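[1] Below: sequence and its predicted model.
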Amino acid sequence: MHKQPEITDKTRQTFINVFCDLYSRKPIEKISIQEIANQSGYNRSTFYQYFTDIYNLLDCVEERILNSINEEMAGREFSTHTFQDALQCLENAEDIAILKALLGDYGSVHFVERLKREIPFERLIVDFPTDDALAPYIIEFYISTLISMFRLWIRNGKDLSPEELVGLIDSLFAKGITPYHIFGSGNPGRQRIE
C-alpha cells in the first residue's frame with residue numbers, strides 16, 4: 001500500500017522544518033537524527049525513508065533553496081536598481097526560514113560558496129567588463145558584500161526596511177563608510193540613508 005503524495009510531502013517538509021529550526025540554533029554536528037525524529041513526531045525509521053543521513057537532508061535543503069533563487073532570478077527582468085533586485089530574489093526565495101538557517105551563525109561556509117558559485121549574481125553588475133584582470137576580485141567583493149549584508153539583515157530580524165537596506169548598500173558602494181563617521185571623530189549616531 002502506497003502513501004498518498006501529500007502525506008509524504010508533508011512528512012518530508014516536517015523533517016526539513018525541524019532540521020532548519022535546529023540548524024539555526026546549533027551546529028550540524030550537534031543535531032541527531034533521533035532529535036529530528038522526536039521533534040517531528042516520527043521515529044528514526046521514518047526519517048530514513050526520506051533521507052540517508054543528516055548531511056543528505058542538508059544537501060536537499062541547499063538544493064531546494066538554490067533552485068528557488070535561480071527560478072526567481074530567471075523569471076525576473078532586472079532594473080537599474082540591481083541591489084534591490086538581488087535582495088528581492090533572496091527575500092522571495094521559497095522558504096526564508098531555510099535561507100535563515102543556511103546563512104545563520106551555524107550555517108556552513110560551503111553553502112555560501114555554493115551560493116556565490118551557482119547563482120548568477122554577476123548578472124546584476126550592469127556593463128561590467130568581465131575581461132579585465134581585476135573583474136573576478138571585484139565580482140567577489142560585490143557578491144560577498146551583498147550576501148553578508150543580507151545575512152546580517154536576516155539575523156537582525158529585518159530591522160531595516162528593504163528600501164533602507166538597499167539605500168545603505170548603494171551608499172556604501174558609492175561613497176564608502178566615511179559619511180557614516182563610524183571610525184572618525186564625527187557623530188557616531190545613525191545617519192539617515194537616502
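    Structure received. What you see is a predicted model; the values in this text were computed from it and never measured.
[2] any weak-confidence spans in this structure?
    1-6, 73, 75-95, 120-130, 181-194 (pLDDT under 70).
[3] can you pull out the helices in it?
    5-23, 33-40, 44-50, 54-74, 82-91, 96-102, 109-118, 135-155, 162-175 (DSSP state H).
[4] got the CA coordinates for the fourth one in PDB?
    I take that to be helix 54-74. Output in PDB follows, covering the C-alpha atoms of helix 54-74 (Å, rounded to 0.1, in the frame of the first residue of the first chain):
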ATOM      1  CA  ILE A  54      21.700  14.500   8.200                       C
ATOM      2  CA  TYR A  55      24.100  15.600   5.500                       C
ATOM      3  CA  ASN A  56      21.800  14.200   2.800                       C
ATOM      4  CA  LEU A  57      19.000  16.300   4.400                       C
ATOM      5  CA  LEU A  58      21.300  19.300   4.400                       C
ATOM      6  CA  ASP A  59      22.100  18.700   0.700                       C
ATOM      7  CA  CYS A  60      18.400  18.500  -0.100                       C
ATOM      8  CA  VAL A  61      17.700  21.700   1.700                       C
ATOM      9  CA  GLU A  62      20.600  23.500   0.000                       C
ATOM     10  CA  GLU A  63      19.400  22.300  -3.500                       C
ATOM     11  CA  ARG A  64      15.900  23.400  -2.800                       C
ATOM     12  CA  ILE A  65      16.900  26.900  -1.900                       C
ATOM     13  CA  LEU A  66      19.400  27.300  -4.700                       C
ATOM     14  CA  ASN A  67      16.700  26.100  -7.200                       C
ATOM     15  CA  SER A  68      14.200  28.600  -5.700                       C
ATOM     16  CA  ILE A  69      16.600  31.500  -6.000                       C
ATOM     17  CA  ASN A  70      17.600  30.500  -9.600                       C
ATOM     18  CA  GLU A  71      14.000  30.300 -10.600                       C
ATOM     19  CA  GLU A  72      13.300  33.700  -9.000                       C
ATOM     20  CA  MET A  73      16.300  35.200 -10.900                       C
ATOM     21  CA  ALA A  74      15.400  33.500 -14.200                       C
END
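[5] I'd like to check the angle between it and helix 33-40, please.
    Using axes from the mean of the first three to the mean of the last three C-alpha atoms, to 10 degrees, the direction of helix 54-74 lies 60 degrees away from that of helix 33-40.
[6] other SSEs contacting helix 54-74?
    helix 5-23, helix 33-40, helix 82-91, helix 96-102, helix 109-118 (3 or more C-beta pairs under 8 Å, 6 or more residues apart in numbering; DSSP states H and E). Placement of C-beta: from N, CA and C, glycine included.
[7] To Glu63, which of those lies closest?
    helix 109-118 (9.5 Å; C-beta to C-beta).
[8] contact partners of the closest one?
    Helix 109-118 has contacts (C-beta atoms under 8 Å, 6 or more residues apart in numbering) with Glu62, Leu66, Ile69, Asn70, Leu102, Leu103, Glu140, Ile143, Ser144, Ile147.
[9] Alright, I will stop here.
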